[in-house]
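1. Below are the sequence and a predicted model; questions follow.
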Amino acid sequence: MTDRELIEQAKEALQNAYVPYSHFRVGAALLSKNGTVFKGCNIENASYGATCCAERTAVFKAVSEGVKEFEKIAIVSDSKKLTSPCGICRQVLLEFMPEGVVLLENEKGEIKTYKVKELLPVGFTL
């Protein structure tokens, strides 16, 4: 799967975001090593601690289906700025794809690519 195809899947996921409080939509598409793509969007809650980011939604969907190895994740938002994963999401990505790639795209079509380890160079590992 090309980077562009994965980004397009993340854009599809963005459409399902539930963001009545922030109005800040994020979509993610996670490519597993077996070629399956798992999509996620951010899901807010009035109790903000119960909110789940798009990246974790995608990872948790995959893990709940028995898939635990990933190559790449695309993250898009409807923001002018690139939306980088939050600290919790960075740690979750490190857990399941320490050698993985993170693609970010904003509403202007600008793309930036990072390695997970670049985003969380001294993350917690066992």
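-> Cool, got the structure. Numbers count the residues shown, from 1 in each chain.

2. so what's the residue sitting nearest the centre point of the chain scoring on pLDDT?
-> Centroid-nearest residue in the chain, with Cα atoms, centre = their mean: residue 55, separated by 2.9 Å. If you check residue 55, the pLDDT there is 98.

3. what does residue 18 give?
-> Value listed for residue 18 in the pLDDT field: 98.

4. The spatially closest residue to it that is not a sequence neighbour and residue 33: what is the separation?
-> What sits nearest to residue 18 in space, not counting adjacent residues and going by Cβ to Cβ, 6 or more residues apart in numbering, is residue 43, at 4.8 Å. The way it works is simple: take the backbone N, C-alpha and C, and place the C-beta from them, glycine included. Distance, residue 43 to residue 33, using Cβ to Cβ, to the nearest Å: 26 Å.

5. Could you do residue 102 as well?
-> 16 Å.

6. Looking at these two, which is more packed in?
-> residue 102 (23 against 13; other Cβ atoms under 10 Å).

7. sec struct for that one, please.
-> The assignment at residue 102 comes out as strand when based on DSSP: H, G, I helix; E, B strand; the rest coil.

8. Contact partners for it?
-> The contact partners of residue 102, by Cβ atoms under 8 Å, 6 or more residues apart in numbering, come to 72-73, 75, 85, 93, 113-116, 119.

9. And the strands in the protein?
-> For the chain, strands defined by DSSP state E occupy the ranges 26-32, 37-41, 70-77, 101-105, 111-115.

10. who wins for proximity to residue 3 among the ones you listed?
-> Among these, strand 101-105 comes nearest to residue 3, with 5.6 Å by Cβ to Cβ.

11. quick one: strands adjacent to the closest one?
-> Next to strand 101-105 in the sheet, as set by DSSP bridges, lie strand 70-77 (parallel), strand 111-115 (antiparallel).

12. what's the most buried one of the ones you listed?
-> Most buried of the strands paired with strand 101-105, by mean neighbour count (mean count of other Cβ atoms under 10 Å): strand 70-77, with a mean of 25.
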